[in-house]
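A.B. asks: Below are the sequence and a predicted model; questions follow.
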Amino acid sequence: MKLLKFLSFILVMSSAGFATAQETESTQQERKAGHLNNNRFKQLYQEFSSPNQYRSASGAPGPAYYQQQADYKMDIVLNDDTSVLSGTETITYTNNSPDVLEYLWVQLDQNVRASDSKTSLIEANGAAPAQQASSFVNSYMGEAFDGGFKIEYVKDRKGNNLSYTINRTMMRIDIPKAMKSGDTYSFDIKWWYNIVNHTIDRARSGYEVFDDGNKGYVIAQFFPRMAVYSDVEGWQNSQFWGRDEFALPFGDYDVSITVPADHTMDATGVLTNRKEVFSKTMMNRYNKAKQSYKTPVIIVTQEEAEAASKTNVKATKTWKYKANNVRDYGFATSRRYIWDMMAVKIGDKDVMAVSLYPPEGNPLWEDYSTIVVASTLKSYSRMSFDYPYHKAISVHAKSQGMEYPMICWNYGRPDAEGNYSERVKYGMMSVIIHEVGHNYFPMIVNSDERQWTWMDEGLNTFVQYVAEQDFGQWYPDAIAPNKAYPSRRGPAKKIVNYMGGDQDFIAPIMTKGLNTYNFGANAYSKPATGLNILRETIMGRELFDHAFRTYSQRWMFKHPTPEDFFRTMEDASAVDLDWFWRAWFYSTEYTDIGVKDVKKYYVTSKMNKQVREMIEARGMKESDLPPLVYLVEEGAEDFEESMKTQTLNDVTTLQSYIMDNISPEDRANLKSPRFFYDVTFEKPGGIPMPIIVEYTYSDGSTKRETFPAQIWRKNDKEVRKVVASEMEITKIMVDPDEETADIDTANNAWPKRKKLGEFKKFKDNVKN
Amino acid sequence: MKLFKIFILTIIFPTVVGAAIHKFYASTTKIEYVPQEQSVQIITEIFTDDIQQALSKRNLREIHLDSKKQTPADVLLLRDYVFKKLVVYLNDVKQEYDYIGLQYDIDRVKLFLEITNVSSFERIEIENKILFDTFEDQQNIIHIKTPNARRSLVLDKENPKGLLNF
């Protein structure tokens, strides 16, 4: 019994990371208080709500999952002279929930720029010694422009007025009879508002005035839209403050838009009166474009757009569209637009990639916009599901990037002489990839943007990175002389500055966008980088891609929550990621892992000093012990130079064991390590990442080994690992490719290298 | 100190009724104090197209950066502009820089500057007015790293200066 105890004591001592001598003493000290489970690998039961009939534990929609339907029939008129947009709409709302609805909530997002908007009131400020004129006017001189909705009436289908209450960007409609489960109710709203110049205050929607006086309109959030009613939120009750975007139910749209007859327009939905609004020439070109898979075909040329810009016809034209299963609606119209299209094969279907841009966008836009749209659809379809709509349009707006179903606005404008910098070019390509990508997240995988910006921006920025790299590979001439597309977001290294920054100004990703400090890093870069790390480092592409596709397809045309994403990623991959979600999404922890210490050992059959002292303390003799193999640290008192040249054949205890227990044939398979390294890895950072180690051997060769993140489960500060090697190790390096977002790489190598920072490297280069 | 904190908060929450993504005007400056070398090492990173536009406007001629047309005079103008607009005070004393050089990185230019013989300091004040002359919305982000602390500042036209105590 005693012997067994002793041997297990030696074992425990060596495997646990903590000291032993103090341990015996600590029994004398005051007893430590107990604690709750604060293990970083604890399951997320407290953070997650319980799975239920609506949302399953697997992350899939549950058997009782429901979503509401809102169908719209709208007549819209644009007054180009006054920049007023007006419309009448019939909303048909279907209550698919099991609940009885006593009232309906409609969103009036344009009221964010009403004269009584409260948006500026939630921004704290102090007296500044100097202020921009525009911001001074906004702060102290009242609101000059009223861009809020003017509601002319809300009526039932028989023409009776319905009572309604407007609470800023939300309108409650009191319906005469409560809607039971399965009921459908229709009502009419007539409205108008002043369109804002979006180039002045960077509004998502509005007009731009070109040098010749003509306007380009990119119009969205332009009609009263139904709010979402769901099993997680009830009616959405978070106001539109201007940042956190939209939560919208799916529905079918039947829309007529009347604009000046010389305008060129595109919009969400299938154009149903093409013959009425297209000239013969346009029709011929359009039919050609449907067959053109390599290059875009121009439908309206630059000369034609410039000629139209010189007219200002008073006649109007009505464009009619039908869109099924979309969550929103947008359109762009101007007499200055050039229009091109090409076809792209997605699965067994043809989709049209479309661009709409003023001459100001050239030469950049005619060269790249439409091929970028086509390339984006291919990449996103591979990563999620085949693009289900019939077209994707990229519209050029001056300084705007914003997404709607099938249509989006994108910036990237050459200067007056037609020159553009690399930044403008890649900015334009990236924003097109990003905004077209939003068709998938959140237009189709319809997460609640008002609550969780990261669910669409983060996932979309992640796939954007994949699509950018694809584009670079498929169109090498477009990115030359770069060899790979210069992505701004995605690779782990690029998030280090943010995650290593000042903790006072970092919020967890699981924070409402409005309440974050650095919105871009928080909602776009960090979640995108986290997914990239899962894909490249933790799960591997095969498992990750399958799980990510499963999530996308499960929640296509539905309303997922963050948990549905987290659960599906685990459920479809059999990789428990609770620790990763907690660290990366629920906290502001960062990664910092290093090599703290390396001890070198040699093997001998001669009892070492440590064990001799132990058995003496217990009154035992060497003969009491079974045959043991001893490790002696290089440089220790009982270390002998001869141990360095010994091989395992010289260790008698080992040899006798092998002779007795292992057959001569099997002996050939045994390795014969001569060098033993006791490596202590430290983790000053909170995130338990895998330890990716690269060993460099005396002959210059290298080997990599990865210890999964779970190696940190019992000791969050440091872990030891014995590395047995047949060759001497000259260097040990943690995270050699910088793929874990390690914020401090100064401790990543043994022997401690003199870490050359970017500054030092540059300075040394300059000197030489 | 409290007032300063409020400044930072108001700046970091942009009051723009914003869009999903738009062209933003920002530069990043990393300042690291390395006591072993008694050196304050500065890397300031600016969008090349923005700085080219500003320098061309200021000098009433086309300045070419990251291009075959770039002349040594263009680089000098860039250097002097940064020297003038980016000012570091250590314990209230204005510092001089050694200019180490510049490097282009796709769409950005990085300038490497060094302050030498810095044995210690308790207070660092940074004024960064780079591009405030050209873009109303320009923000200049500063990251400061010492062996014991990491701090960040966001400077803009209304608050071009920030003070940190260590």
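C.D. replies: Okay, I see it.
A.B. asks: for chain B, what helix or strand is lowest in average pLDDT?
C.D. replies: The helix or strand of chain B with the poorest confidence is helix B:2-12; it has a mean of 38 (mean pLDDT, DSSP states H and E).
A.B. asks: Can I get the biggest helix by length in chain B in PDB, CA atoms only?
C.D. replies: Secondary structure of chain B per DSSP state H: the longest helix is helix B:72-85. Taking C-alpha atoms only, helix B:72-85 is exported to PDB below (Å, rounded to 0.1, in the frame of the first residue of the first chain):
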ATOM      1  CA  PRO B  72      12.400  63.200 -53.000                       C
ATOM      2  CA  ALA B  73      10.800  66.600 -52.500                       C
ATOM      3  CA  ASP B  74       7.400  64.900 -52.200                       C
ATOM      4  CA  VAL B  75       8.700  62.700 -49.400                       C
ATOM      5  CA  LEU B  76      10.200  65.700 -47.600                       C
ATOM      6  CA  LEU B  77       6.900  67.500 -47.700                       C
ATOM      7  CA  LEU B  78       5.200  64.400 -46.300                       C
ATOM      8  CA  ARG B  79       7.800  64.100 -43.500                       C
ATOM      9  CA  ASP B  80       7.600  67.800 -42.600                       C
ATOM     10  CA  TYR B  81       3.800  67.700 -42.600                       C
ATOM     11  CA  VAL B  82       3.800  64.800 -40.100                       C
ATOM     12  CA  PHE B  83       6.500  66.500 -38.000                       C
ATOM     13  CA  LYS B  84       4.300  69.600 -37.800                       C
ATOM     14  CA  LYS B  85       1.000  67.900 -37.200                       C
END
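A.B. asks: So which residue is dead centre in chain B?
C.D. replies: Residue closest to the average C-alpha location in chain B (CA atoms, centre = their mean): residue B:29, at 4.6 Å.
A.B. asks: you'd agree that one is in a strand?
C.D. replies: Yes: membership of residue B:29 in a strand is supported by DSSP: H, G, I helix; E, B strand; the rest coil.
A.B. asks: Let me see the ranges of the strands in the stretch 201-350 of chain A.
C.D. replies: A:206-209, A:215-219, A:225-226, A:229-230, A:234-235, A:251-260, A:264-267, A:270-271, A:297-300, A:316-326, A:331-334, A:338-346, A:349-357 (DSSP state E, counting those that start in this stretch).
A.B. asks: among the ones you listed, which is nearest residue A:698?
C.D. replies: Among those, strand A:338-346 comes nearest to residue A:698, with 54.2 Å by CB to CB. No exception for glycine: its C-beta is placed from N, CA and C like everyone else's.
A.B. asks: In the stretch 651-768 of chain A, which residue sits nearest chain B?
C.D. replies: residue A:759 (4.1 Å; CB to the nearest CB).
A.B. asks: Which residue is the nearest non-sequential neighbour of that residue?
C.D. replies: Distances taken as CB to CB, 6 or more residues apart in numbering or on different chains put residue B:41 closest to residue A:759, at 4.1 Å, once the chain neighbours are dropped.
A.B. asks: Give me the residues contacting whichever strand or helix holds the one you found.
C.D. replies: Per DSSP states H and E: residue B:41 is located in strand B:39-47. With contacts defined as CB atoms under 8 Å, 6 or more residues apart in numbering or on different chains, strand B:39-47 is touched by A:423, A:757-760, B:25-34, B:82, B:86, B:88, B:90, B:95, B:97, B:105, B:107-116, B:118, B:130-131.
A.B. asks: Please compute how far it lies from its chain's middle.
C.D. replies: Distance of strand B:39-47 from its chain centroid, counting by CA atoms, centre = their mean, to the nearest Å, is 7 Å.
A.B. asks: Tell me where the model's unsure across the chain.
C.D. replies: No chain in the question, so chain A it is. Applying pLDDT under 70 to chain A flags the ranges A:1-28, A:125-143, A:754-755.
A.B. asks: wrong one, I was asking about chain B
C.D. replies: Low-confidence segments of chain B (pLDDT under 70): B:1-24.
A.B. asks: three-state assignment of residue A:657?
C.D. replies: Looking at residue A:657 with three-state DSSP, the answer is helix.
A.B. asks: residues touching it, list them.
C.D. replies: residue A:627.
A.B. asks: can you pull the contacts of residue A:190?
C.D. replies: Contacts of residue A:190 by CB under 8 Å, 6+ apart are A:86, A:87, A:88, A:151, A:152, A:153.
A.B. asks: Now the residues you listed in CSV, please, with extra columns for distance to residue A:320 and secondary structure.
C.D. replies: Compiled in CSV, those are given as follows (distance: CB to CB, whole Å; DSSP: H, G, I helix; E, B strand; the rest coil):
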residue, distance to residue A:320, secondary structure
A:86, 17, strand
A:87, 14, strand
A:88, 15, strand
A:151, 25, strand
A:152, 23, strand
A:153, 24, strand
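A.B. asks: Which residue, neighbours along the chain excluded, lies closest to residue A:566?
C.D. replies: residue A:581 (5.0 Å).
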